[in-house]
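>>> Give me the fold of what follows.
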Amino acid sequence: MLQSAVADDVFLALSSATRRQILEQLSVAPATVSQLAAAFEMKLPSFVQHLSLLERSRLVTSTKQGRVRTYEIAPDQFKVAEDWLTERRRLWESRFDQFDDYVKQLKAKESGS
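Alright, predicted model coming up:
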């Protein structure tokens, strides 16, 4: 159940185009709040809410030096999404393989009659 809650947090964070853009920006280099916010047309309090959600989901970390807060990407947490997606892909590939086998059996019966 705990792993599910962690995955929920990660996917919630990734569900927003704004937050995905922030993550893309941070994948290049760490950045301050003002550097990150400059690319977006929104009020700073709203933008900081996006950063807070990313930090709660542990996709980013921040440090504060004086009055300046700097964010950087935390790549390990992306594994939660990767693992979930990999499991779904395995499940569907298995189902497609089973379906393919079933169709082959039907065709063999049909041509054998």
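
>>> pretty sure L59 contacts Q77?
Yes. At 5.1 Å, L59 counts as touching Q77 under the criterion of C-beta atoms under 8 Å. Just so you know, the C-beta spots here come from the backbone N, C-alpha and C atoms, and that holds for glycine as well.

>>> Neighbour count: these two, which is higher?
L59 (25 against 18; other C-beta atoms under 10 Å).

>>> Contacts only, for that one.
By C-beta atoms under 8 Å, 6 or more residues apart in numbering, the contact set of L59 is 10, 13-14, 23, 73-74, 77-78.

>>> Same question for Q25.
With contact set as C-beta under 8 Å, 6+ apart, Q25 has these partners: 31, 36, 39.

>>> ok, and the second one, which helix or strand is that part of?
Looking back up the chat, that one is L36. Assigning secondary structure by DSSP states H and E places L36 in helix 33-37.

>>> So which of the contacts of L59 belong to helices?
Counted as lying in helices by DSSP state H, out of those, are 10, 13-14, 23, 78.

>>> Lowest-confidence one in those?
Minimum pLDDT across those is recorded for F78, with 89.

>>> Show me where the protein dips below the pLDDT cut-off.
For the chain, the stretches with pLDDT under 70 are 1-3, 113.

>>> Please enumerate the strands of it.
Using DSSP state E, the strands of the chain run over residues 31-32, 60-65, 68-73.

>>> Show me which parts of the last one are buried, residue by residue.
Using 16 or more other C-beta atoms under 10 Å as the burial criterion, the residues of strand 68-73 that qualify are 69, 71, 73.

>>> other SSEs contacting that strand?
helix 17-28, strand 31-32, helix 33-37, helix 44-56, strand 60-65 (3 or more C-beta pairs under 8 Å, 6 or more residues apart in numbering; DSSP states H and E).

>>> Return the distance of the residue most central in space within the chain relative to V68.
For the chain, the residue nearest the mean C-alpha position is L14 (4.5 Å; C-alpha atoms, centre = their mean). Relative to V68, L14 is positioned 26 Å away (C-beta to C-beta, to the nearest Å).
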